[in-house]
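Q: from the sequence below, what's the structure:
(one chain, ligands or ions: 1)
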Amino acid sequence: MRTTADTPIRAVVIGGGAIGASVVTALLRGDVPDVVPVAVVDPQPVGDLGVPQLRLEAALDQADVVVECAGQAVIAQSAVGILERGIDLLITSVGALADPDLAAAVRAAGPGRFLLTAGAIGGLDILSSAAAQGPLTRVEVTTTKLPTTLVQPWMDDHDADLLRVVTEPVEVFRGTAREATRLFPRSLNVAATLGWVVGDFDLVDVRLVADPAAELTCHRVVAEGAAGRYRFEIENLPSPQNPRTSGVVPHAVLRSLAALVGRPSGVV
Ligand SMILES: NC(=O)c1ccc[n+]([C@@H]2O[C@H](COP(=O)([O-])OP(=O)(O)OC[C@H]3O[C@@H](n4cnc5c(N)ncnc54)[C@H](O)[C@@H]3O)[C@@H](O)[C@H]2O)c1
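A: Predicted coordinates for the structure are as follows:
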């Protein structure tokens, strides 16, 4: 990636939805110094975001860094190629990395650098440090979301309808982060991020609760191992544009982008 201080870093944003559109707007406003958005890539019309909407290949010709805000399929289809072109890649759809073959290919690819945003969760720094000191023996996350955001194409009509009318909290899924991100690809990136950070998607025990009263999306994390014991709880307001996504995520992406281009601020 070009790094000269007097040449702006050119960012291409893949996905012009709730996260991507906010990221483009913030970059146009100058929220990340020296990073300019040059294109958005999306198969659907995204309206006037202030940058051209291009096909991926044309956009990559102009990119120093790509910011993925689109979904797991983009990582599977394009991550390795982007990195091999020497373009840095920042991703939000961390669940894609639960596929061990894809994760290995992405880790091996370069010379572009590959980064995951922390997205909707925090506390990853201490968990990463703890896992480095000694293996974690227990990692659990209980995620509570609005039921209608959890309806999936693979559900039968009965189960999908139940989620639409449920009046009490109900457990929708219990299993590993690997399985969770396969079944709920747009809803459990937090579980995937925990799996990546602790180095084991199968160690992370995920409980997903649908709660019609969940005005905030909640993630309760418990972890323990050789380094100590950790408990934290995060409650995020859903994005007004997409209730599956927390409103804080575009800001996490911008923070990650600042770190990626060499201008981290504050705690890293
Ligand atoms: N890491 C986290 O904490 C976290 C949190 C929320 C969402 N996410 C991820 O971010 C993604 C985007 O979230 P969002 O709320 O902006 O979703 P969204 O549905 O509002 O927008 C997604 C956009 O991507 C576009 N898209 C789909 N396939 C594409 C492709 N192949 N190439 C280019 N664009 C494509 C869609 O047309 C849509 O405009 C989610 O799918 C999820 O994987 C991560």
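Q: just the pLDDT for whichever residue of the stretch 101-250 of the chain sits closest to the ligand.
A: Closest approach of the stretch 101-250 of the chain to the ligand (Cβ to the nearest ligand atom) occurs at Gly119, with a separation of 2.3 Å. Every C-beta, even on glycine, is put in place using the N, C-alpha and C of the backbone. Looking at Gly119, its pLDDT reads 96.
Q: show me what contacts it?
A: Residues near Gly119 by Cβ atoms under 8 Å, 6 or more residues apart in numbering: 92, 94, 189-190, 193, 246, 249, 252-253.
Q: of all residues in this protein, which one is closest to the ligand?
A: Closest point on the chain to the ligand, by Cβ to the nearest ligand atom, is Gly17, at 1.8 Å.
Q: that residue against Gln241, yeah?
A: Yes - between Gly17 and Gln241 a contact is recorded at 7.1 Å, counting by Cβ atoms under 8 Å.
Q: what's near enough to touch the most centrally placed residue in the chain?
A: With distances taken as Cα atoms, centre = their mean, the residue of the chain nearest its centroid is Thr92 (2.6 Å). Neighbouring residues of Thr92 by Cβ under 8 Å, 6+ apart: 19, 68-69, 117, 119, 189, 249, 253.
Q: go on, Thr148?
A: 163-164, 243.
Q: Pro52: which of these is nearest?
A: Pro243 (29.0 Å; Cβ to Cβ).
Q: the closest one: neighbour count?
A: Neighbour count of Pro243, defined by other Cβ atoms under 10 Å: 16.
Q: my read: it touches Val151, true?
A: No - the criterion here is Cβ under 8 Å, and Pro243 misses it with Val151 at 11.6 Å.
Q: around the ligand, pick out the residues from the protein.
A: 14-20, 41-44, 69-71, 73-74, 92-94, 117, 119-120, 186, 189-190, 193, 242, 245, 249 (Cβ under 6 Å from any ligand atom).
Q: in helices, which of those residues appear?
A: 18-20, 73-74, 189-190, 193, 249 (DSSP state H).
Q: could those be laid out in a markdown table, adding neighbour count?
A: Listed next are these as a markdown table, based on neighbours: other Cβ atoms under 10 Å:
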| residue | neighbour count |
| --- | --- |
| Ala18 | 21 |
| Ile19 | 29 |
| Gly20 | 25 |
| Ala73 | 11 |
| Val74 | 22 |
| Asn189 | 30 |
| Val190 | 28 |
| Thr193 | 26 |
| Val249 | 24 |
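Q: okay, the residues you listed in JSON lines with pLDDT next?
A: Shown next, in JSON lines, are these (pLDDT from 0 to 100):
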{"residue": "Ala18", "pLDDT": "97"}
{"residue": "Ile19", "pLDDT": "98"}
{"residue": "Gly20", "pLDDT": "98"}
{"residue": "Ala73", "pLDDT": "97"}
{"residue": "Val74", "pLDDT": "98"}
{"residue": "Asn189", "pLDDT": "95"}
{"residue": "Val190", "pLDDT": "96"}
{"residue": "Thr193", "pLDDT": "97"}
{"residue": "Val249", "pLDDT": "97"}
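Q: out of the residues you listed, which comes closest to Val268?
A: Nearest to Val268 among these, with distances taken as Cβ to Cβ, is Thr193, at 16.5 Å.
Q: show me the contacts for that closest one.
A: Neighbouring residues of Thr193 by Cβ under 8 Å, 6+ apart: 94, 116, 118-119, 121, 124.
Q: over to Val190?
A: With Cβ under 8 Å, 6+ apart, Val190 has these contacts: 119-121, 141, 143, 219.
Q: who wins on neighbours among the residues you listed?
A: Of the contacts of Val190, with other Cβ under 10 Å as the count, Thr143 tops at 27 neighbours.
Q: tell me what it is bridged to.
A: Leu208, His219 (DSSP bridges).
Q: where does the chain dip in pLDDT?
A: By pLDDT under 70, the low-scoring segments of the chain are 1-6.
Q: which residues of it fall in strands?
A: For the chain, strands defined by DSSP state E occupy the ranges 9-14, 35-41, 65-68, 88-91, 114-116, 136-145, 170-176, 204-210, 217-225, 228-236.
Q: right, I'll call it a day here.
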